[in-house]
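Need coordinates for the following:
(one chain, ligands or ions: 2)
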Amino acid sequence: MLGDLNDIMRKIWEYILLYIFPQPRTPLILTASPITIFEALPSTTPSPPLPPITTITNSDIYDTYRFQGTPSRFRILVIGRADCGKTTLLQRVCNTTEDPCIYDDKSKDLLEPTLARGVHDINRPFAFKSNPRLIFHDSPDIEAGDEMQLQEVLSFLEERTKATDVNDQVHAIWFCIVLNNCRPLFPKELEFFRQKRAGNVPTIVIFTGFDDLITQIYDIDLTEHENRRIAELHVEEHFRRPLQACISPPCADVCFDDKDGFHQDQVNILIEKTTSSLDDIALKSLLISAQNSDS
Ligand SMILES: Nc1nc2c(ncn2[C@@H]2O[C@H](COP(=O)(O)OP(=O)(O)OP(=O)(O)O)[C@@H](O)[C@H]2O)c(=O)[nH]1
Ligand SMILES: [Mg+2]
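Numbers count the residues shown, from 1 in each chain. Ligands and ions are numbered 1, 2, ... in the order given. Predicted coordinates:
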């Protein structure tokens, strides 16, 4: 009896698809048709519960949960090889030459400047006095040693994802990669982008040493502009494209070099790209005001 009804329903549905909505006609439409509701029903069930109009996914629940509270600190995880220019970058962002201070997560206070304690200990956040609302975590050098360093970074991200206070969550990752003609991407750098990471925190890649790359590939028969252009193509082919092909690619990237006079422009681009990669409006405005502020 139910089988007959199903046959009739299926024929009506196919007729509708064939003559009323001839294109596109995919098997997916058929499986999503009302017929499947009847098929799933045992004959004793009185009436089927109506399917929800909007399906709320785990990720929706997570997003709502993730951005609870009002952010007053913008937290950035900085990743990169040793000596790749992380501190230089952060000093430029904060427009300072001072040493960073350890940030105490409990008292929400800046402790004395101490370079040695803060740097490379991912669990010891630090900040600059000039921009105390920008909190940084410096990762261990993921390229050094074994798998431990990368695991430490991934575990740290997972842990911070569980934080209920929005201020304790990591809001962005700045991943520094040194541009080098001879050594493009390192295996563990690529590995980071090949992993599904907890929290889906937006990652911006900062290519440092663009000036060094130009020097490495410099051709005296070409103009300054042409050499720069070739360096840009090199970045595209050997760095940007392989990263974009990964399962968790960066949201954006920006090139940094040591040329005086360009620093502020580069910082502005980095802040703009980081802001664009954020979904939360409160975090966007916090980043902009925290970077500009000196209080
Ligand atoms: N040519 C060039 N040199 C740079 C650039 N960025 C940083 N440097 C230099 O690279 C050296 C290392 O910079 P740091 O900022 O100390 O690098 P770091 O990643 O913080 O180093 P560690 O904390 O020791 O891992 C310094 O001498 C910087 O002046 C860049 O874009 N181009
Ligand atoms: Mg440093």
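
Tell me which other helices or strands the helix or strand hosting residue 234 touches.
Assessed by DSSP states H and E, residue 234 sits inside helix 224-235. If you count contacts as 3 or more C-beta pairs under 8 Å, 6 or more residues apart in numbering; DSSP states H and E, helix 224-235 packs onto helix 210-217. No exception for glycine: its C-beta is placed from N, CA and C like everyone else's.

Now do the buried residues in the helix it packs on.
210-214 (16 or more other C-beta atoms under 10 Å).

Can you give me the buried ones in the helix or strand following the helix holding residue 234?
Note on helix 224-235: by DSSP H and E, the next helix or strand toward the C-terminus is helix 241-244. By 16+ other C-beta under 10 Å, the buried positions in helix 241-244 come out as residue 243.

for stretch 156-176, same thing?
Under 16+ other C-beta under 10 Å, the buried positions of stretch 156-176 are 156-157, 160-161, 166-176.

In helices only, show me these.
156-157, 160-161 (DSSP state H).

which one is the residue most central in space within the chain nearest to, not counting chain neighbours?
Centroid-nearest residue in the chain: residue 202, 1.9 Å away (criterion: C-alpha atoms, centre = their mean). Counting by C-beta to C-beta, 6 or more residues apart in numbering, residue 202 lies nearest to residue 277, which is 3.7 Å off, once chain neighbours are set aside.

Tell me the spacing between the one you found and residue 269.
As judged by C-beta to C-beta, to the nearest Å, residue 277 and residue 269 stand 13 Å apart.

Over to residue 283?
Counting by C-beta to C-beta, the gap from residue 283 to residue 269 is 19 Å.

Between those two, which is the more surrounded one?
Neighbour tally, residue 283 and residue 269, criterion other C-beta atoms under 10 Å: the higher count belongs to residue 283, 20 against 17.

For that one, what is the enclosing helix or strand?
Here residue 283, judged by DSSP H and E, is contained in helix 281-292.

pLDDT value on the residue in the stretch 151-295 of the chain that ligand 1 sits nearest to, please?
Taking C-beta to the nearest ligand atom as the measure, the stretch 151-295 of the chain has residue 258 as its residue closest to ligand 1, at 3.5 Å. Listed pLDDT for residue 258 reads 78.

so who does it touch?
209, 211-212 (C-beta atoms under 8 Å, 6 or more residues apart in numbering).

Which residue does the stretch 151-295 of the chain have closest to ligand 2?
residue 176 (10.0 Å; C-beta to the ion).

how much space is there between that residue and residue 167?
24 Å.

Residue 153 too?
20 Å.

Would you state the strands of the chain in chain order?
Secondary structure of the chain by DSSP state E: the strands cover 74-80, 101-104, 109-113, 126-128, 131-138, 172-178, 203-208, 252-255.

Please see if the first one touches ligand 2.
Looking back up the chat, that one is strand 74-80. No. Strand 74-80 lies out of reach of ligand 2 by C-beta under 5 Å from the ion, never closer than 8.8 Å.

Show which residues not belonging to that strand make contact with it.
Contact partners of strand 74-80, identified using C-beta under 8 Å, 6+ apart, comprise 86, 89-90, 122, 125, 133-139, 141-142, 153, 156-157, 160, 167-178, 192, 201, 206, 208, 283, 286-287, 290.
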